[in-house]
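Asks: got a structure for you, letters missing:
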């Protein structure tokens, strides 16, 4: 009989959780709908700031379903990237409108299944980096991988972050006590060349801009190995630099294909 008495309470609590989740999701979609139909830049800016505030609240809640938001982002040509560490202790979110104004968040899961924002940066930080992956290293350290794109090149970055007393510290975890590993690579190159037309005797331009995939930093959670490939300049041979996570460090140096 006691179990039967508890059932209505459980149903009410369940409905409240579902309603709260639905309301929060609908509010985010409602803001995006208004953004989409607005033709005023100032109004769009205000709506975007309102969206980021609501989004931050959403990712801290115990119910965080962003599927509807992701679908809406796709129709607006916005970007939403979510990444969860292997134990779900740390979660990373990156949102961008028009791929320029970017907000990055990292949360840590609490015992009540809510999520504390422990790291945040936005477009005022004057960085176009956006988070792409997050990985567990130990209970208080995580690896954060990000990317940034320019007109002709892109770069991947790796950071080892330590969480302590509700603060996040970027550690000197790479070769020569560097606090970040950066891999730059060309993505758009002008490979045009001139060829003489035998019929006219005039030179013509052929070829043009060629696009390449950027060099990516990879992490293997099982082996704790961080690596990236590159092609040796003198002979074009493919090389791989890699280092294992030992003593809170990766003995790995940065690389710049542009040099």
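Replies: Great, that's in hand. Everything numeric here is computed off the predicted structure, so don't read it as measured data.
Asks: which ones are touching residue 92?
Replies: 81, 82, 83, 84, 104, 105, 106, 131, 132, 133, 134, 144 (C-beta atoms under 8 Å, 6 or more residues apart in numbering). Backbone N, C-alpha and C define where each C-beta goes, glycine included.
Asks: what's the average pLDDT for whatever helix or strand residue 205 lives in?
Replies: Assigned by DSSP states H and E, residue 205 belongs to strand 203-206. The predicted model assigns strand 203-206 a mean pLDDT of 85.
Asks: ok, now stretch 91-106?
Replies: 91.
Asks: C-terminal to the helix-or-strand element of the chain with minimal mean pLDDT, what's the next element?
Replies: When each helix and strand of the chain is scored by mean pLDDT, DSSP states H and E, helix 2-37 comes last, with a mean of 61. Next in sequence after helix 2-37, counting helices and strands by DSSP H and E, comes helix 41-60.
Asks: Now do that following helix: which elements does it pack against?
Replies: helix 2-37, strand 90-97, strand 101-109, strand 115-121 (3 or more C-beta pairs under 8 Å, 6 or more residues apart in numbering; DSSP states H and E).
Asks: who touches that helix?
Replies: Contacts for helix 41-60 (C-beta under 8 Å, 6+ apart): 24-25, 27-28, 31-32, 34-35, 38, 64, 66, 69, 91, 93, 95, 97, 101, 103, 105, 107, 114-117, 120, 122.
Asks: quick one, what contacts residue 117?
Replies: Counted by C-beta under 8 Å, 6+ apart, residue 117 has contacts 56, 59, 60, 105, 106, 107.
Asks: do residue 256 as well
Replies: Here residue 256 is in contact with 182, 183, 184 (criterion: C-beta under 8 Å, 6+ apart).
Asks: Which members of those are positioned in helices?
Replies: In helices, judged by DSSP state H, none of the contacts of residue 256 are found.
Asks: Which member of those residues is positioned nearest residue 204?
Replies: residue 184 (33.1 Å; C-beta to C-beta).
Asks: what's the neighbour count on the closest one?
Replies: By the criterion of other C-beta atoms under 10 Å, residue 184 has 20 neighbours.
Asks: swap in residue 200?
Replies: 8.
Asks: name the element it belongs to?
Replies: Secondary structure (DSSP H and E) places residue 200 outside all helices and strands.
Asks: Identify the bridge partners of the nearest residue to residue 232 once chain neighbours are set aside.
Replies: Counting by C-beta to C-beta, 6 or more residues apart in numbering, the nearest residue to residue 232 once its immediate chain neighbours are dropped is residue 239, at 5.4 Å. Under DSSP bridges, the beta-bridge partners of residue 239 are residue 230.
Asks: returning to what we had before: please name the strands paired to the strand holding residue 205 in the sheet, noting orientation.
Replies: Strand 203-206 is paired, per DSSP bridges, with strand 193-196 (antiparallel).
Asks: so where is the stretch 151-259 of the chain shaky, pLDDT-wise?
Replies: Nowhere does the stretch 151-259 of the chain drop to pLDDT under 70.
Asks: Could you pull out the helices in it for me?
Replies: Applying DSSP state H, counting those that start in this stretch to the stretch 151-259 of the chain gives no helices.
Asks: can you give me the strands in it?
Replies: Per DSSP state E, counting those that start in this stretch, the stretch 151-259 of the chain carries strands over the ranges 153-164, 167-170, 181-186, 188-190, 193-196, 203-206, 209-211, 218-220, 225-231, 238-244, 255-256.
Asks: quick one: which of these is nearest residue 73?
Replies: It's strand 153-164; of the strands of the stretch 151-259 of the chain, that one is closest to residue 73 (C-beta to C-beta) at 21.0 Å.
Asks: tell me what that closest one is packed against?
Replies: So strand 153-164, by 3+ C-beta pairs under 8 Å, 6+ apart, packs with strand 141-149, strand 167-170, strand 181-186.
Asks: Now find how far off-centre it is within its chain.
Replies: Put simply, strand 153-164 sits 10 Å off its chain's centre (C-alpha atoms, centre = their mean, to the nearest Å).
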